[in-house]
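Participant: just the structure for this:
(chains A and B)
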Amino acid sequence: MIYWNSLADFLAMGKHGLYVWGSFIVMAALMILEPILLARSRKSLIARLKRQYRAEKLDNHHPPREDNP
Amino acid sequence: MSDRLFNWYRFASPQAFYPLAGRMIPWFWALAALFGIAGLYVGFLVAPTDAQQGEGYRIIFLHVPASWMSMFIYVVMAFWAGLGLAFNFRLSGMMAQALAPTGAMFAFLSLWTGALWGKPMWGTWWVWDARLTSELILLFLYVGFIALQSAIDDPRRADRAGAILALVGVVNIPIIYFSVKWWNTLHQGSSVNLAKSSMASVMLWGMLLCALACWMYSIAVALMRVRRIMLEREKDTQWVREELAREAS
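Facilitator: The predicted structure follows:
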C-alpha cells in the first residue's frame, strides 16, 4: 500500500522536498501553536478573574469608612 | 415546549452554551486527530505521484483544505455577525470574534502553501493574478475585522462595526471561488466540482480527509476561543463567578 521505497525517497519528495515539507511544517506548527496559546491565555484569564473576585470580596467585607476621623 | 424552541433559545445564551461547548471540544479534537492522521496517511504515504507535477503536487493535501477553510470560516463568521446585527444575540458577536483569528490563520496558510507550490510549478512564489490577489484581500479582511474590533472598547459597538465590515467583505468570497473561471489566471482550475473531479480517487480521498480534519480543528479551536471570550465579556455576571468557583483552581 505504501507508495515509497525508502525513507530517503519520502523525505526527498522527488526534487520538491523543500516545498512540500516547508508547507507541512509551517501548517503543522501553526495548528499546534494556536490551541496551546489559547489554553494558556484561558488559564491566565481565569487566574486574573479569580484575583479580581477575591479583591471584590475583601472590599465588601471592609467597606471604606469615610465618615470616621 | 417543543424541542426546537428548547434547542434554539436555550443554547443562544452564553451561560448555557459555555458548558455545552466545553463538553464538545474534546470530541472535535478527537475527530480532527482521526481525520488528520487518516488524511496525511493517504495523501503522503499511499497516494501515487502525479504525472505532471511529480511529488510537489502533495502540497494539495495542505493547500486546498486551508483555502477552503479560509473561505468557509469567513462565510460562517459573516453569518454570525449578520445575525448579531439583526437580532442582537449576545452569542453571535462572540462567535464572529472567535472565528476571525482561525480564519486569518488559514488564509495565511493558503497563501504560504500556495507560494511554496507556485515556485516549483510556475517558477514564481507570487503573481498578481485574480485568485492569489483575492485570497490576499481575504487575509486583509480578516486582519481588518480583528483590528477594528480590538480598536473599539465597547464590545457591542465593536460587534456592530465588525459585522458591517464582515458582511461587506462577503462579496470577496465568490470572487475568490470563481476567479479561475472568470479570468485567465496562472492558478489551475478547481480540482473538485460536483459534476466530475479531475483527480484520481485516492488523491481525492486524501484531500477530503484532510479538509475534514481542518474543519473539525476549526470547530474545536473556535469553541475554545468563544469560551474564553464569554468569560472575559461576562466577567461581572453571576454565572461566570459560579462557573469559575466550580472549576477548582
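
Participant: which SSE is residue 22 in?
Facilitator: Since no chain was named, I'll use chain A. helix A:17-61 (DSSP states H and E).

Participant: oops, chain B please
Facilitator: helix B:14-40.

Participant: pull out the buried residues from that helix.
Facilitator: B:14-15, B:17-18, B:21, B:25, B:28-29, B:31-32, B:35-36, B:38-40 (16 or more other Cβ atoms under 10 Å in any protein chain shown). Where C-beta positions appear, they are placed from N, C-alpha and C, glycine not excepted.

Participant: counting contacts, what elements does that helix pack onto?
Facilitator: Applying 3 or more Cβ pairs under 8 Å, 6 or more residues apart in numbering or on different chains; DSSP states H and E, one finds that helix B:14-40 contacts helix B:3-11, helix B:90-122, helix B:201-233, helix B:238-246.

Participant: how far does the second one sit from the chain's center?
Facilitator: Helix B:90-122 sits 7 Å away from the centroid of its parent chain (Cα atoms, centre = their mean, to the nearest Å).

Participant: for the helix or strand just after that helix, output the C-alpha coordinates as CSV.
Facilitator: Using DSSP H and E, the helix or strand that follows helix B:90-122 towards the C-terminus is helix B:130-151. Output in CSV follows, covering the C-alpha atoms of helix B:130-151 (Å, rounded to 0.1, in the frame of the first residue of the first chain):
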residue,chain,number,x,y,z
ALA,B,130,-7.1,37.1,-9.7
ARG,B,131,-7.1,34.0,-7.5
LEU,B,132,-4.0,34.9,-5.5
THR,B,133,-4.9,38.6,-5.1
SER,B,134,-8.4,37.9,-4.0
GLU,B,135,-7.2,35.4,-1.4
LEU,B,136,-4.7,38.1,-0.1
ILE,B,137,-7.6,40.5,0.2
LEU,B,138,-9.4,37.9,2.3
LEU,B,139,-6.5,37.8,4.7
PHE,B,140,-6.6,41.6,4.8
LEU,B,141,-10.4,41.4,5.6
TYR,B,142,-9.8,39.1,8.5
VAL,B,143,-6.9,41.3,9.8
GLY,B,144,-9.1,44.4,9.3
PHE,B,145,-12.0,42.8,11.2
ILE,B,146,-9.8,41.8,14.1
ALA,B,147,-8.1,45.2,14.2
LEU,B,148,-11.4,47.1,14.0
GLN,B,149,-13.0,45.0,16.8
SER,B,150,-10.0,45.4,19.1
ALA,B,151,-9.9,49.2,18.5
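
Participant: with respect to burial, which of the helices and strands packed on helix B:14-40 scores highest?
Facilitator: Mean neighbour count (mean count of other Cβ atoms under 10 Å in any protein chain shown) peaks for helix B:90-122 among the helices and strands packed on helix B:14-40, with a mean of 23.

Participant: anything in that helix near chain A?
Facilitator: Yes. Counting by Cβ under 8 Å from any Cβ of the partner chain, chain A has neighbours in helix B:90-122: B:Pro101, B:Thr102, B:Met105, B:Phe108, B:Leu109, B:Trp112, B:Thr113, B:Leu116, B:Trp117, B:Lys119, B:Pro120.

Participant: which two in the buried residues of helix B:14-40 are spaced the farthest apart?
Facilitator: Greatest spatial distance in the buried residues of helix B:14-40: B:Gln15 and B:Leu40, 38.7 Å, computed using Cβ to Cβ.

Participant: quick check: which ranges of chain A have low pLDDT?
Facilitator: For chain A, applying pLDDT under 70 flags the ranges A:62-69.

Participant: from chain B, how far out is the residue most central in space within it?
Facilitator: Central residue of chain A (Cα atoms, centre = their mean): A:Leu37, 1.3 Å from the mean position. Plainly put, A:Leu37 is 10 Å away from chain B if you go by Cβ to the nearest Cβ, to the nearest Å.

Participant: ok, that residue - contacts?
Facilitator: Going by Cβ atoms under 8 Å, 6 or more residues apart in numbering or on different chains, A:Leu37 touches no other residue.

Participant: what residues does chain B have near chain A?
Facilitator: B:44-49, B:54-56, B:58-59, B:62-63, B:66, B:101-102, B:105, B:108-109, B:112-113, B:116-117, B:119-120, B:217, B:220-221, B:224-225, B:227-228, B:231-232, B:235, B:240-241, B:244, B:247, B:249.

Participant: for chain B, give me the ranges with low pLDDT.
Facilitator: Ranges of chain B meeting pLDDT under 70: B:1-11, B:192-199, B:248-249.

Participant: what helix or strand does the residue nearest the centre of it sit in?
Facilitator: The centre of chain B sits closest to B:Ile73, judged by Cα atoms, centre = their mean, with a distance of 3.2 Å. In this assignment (DSSP H and E), B:Ile73 forms part of helix B:60-87.

Participant: other SSEs contacting that helix?
Facilitator: Going by 3+ Cβ pairs under 8 Å, 6+ apart, helix B:60-87 lies up against helix A:17-61, helix B:90-122, helix B:130-151, helix B:155-169, helix B:172-182, helix B:201-233.
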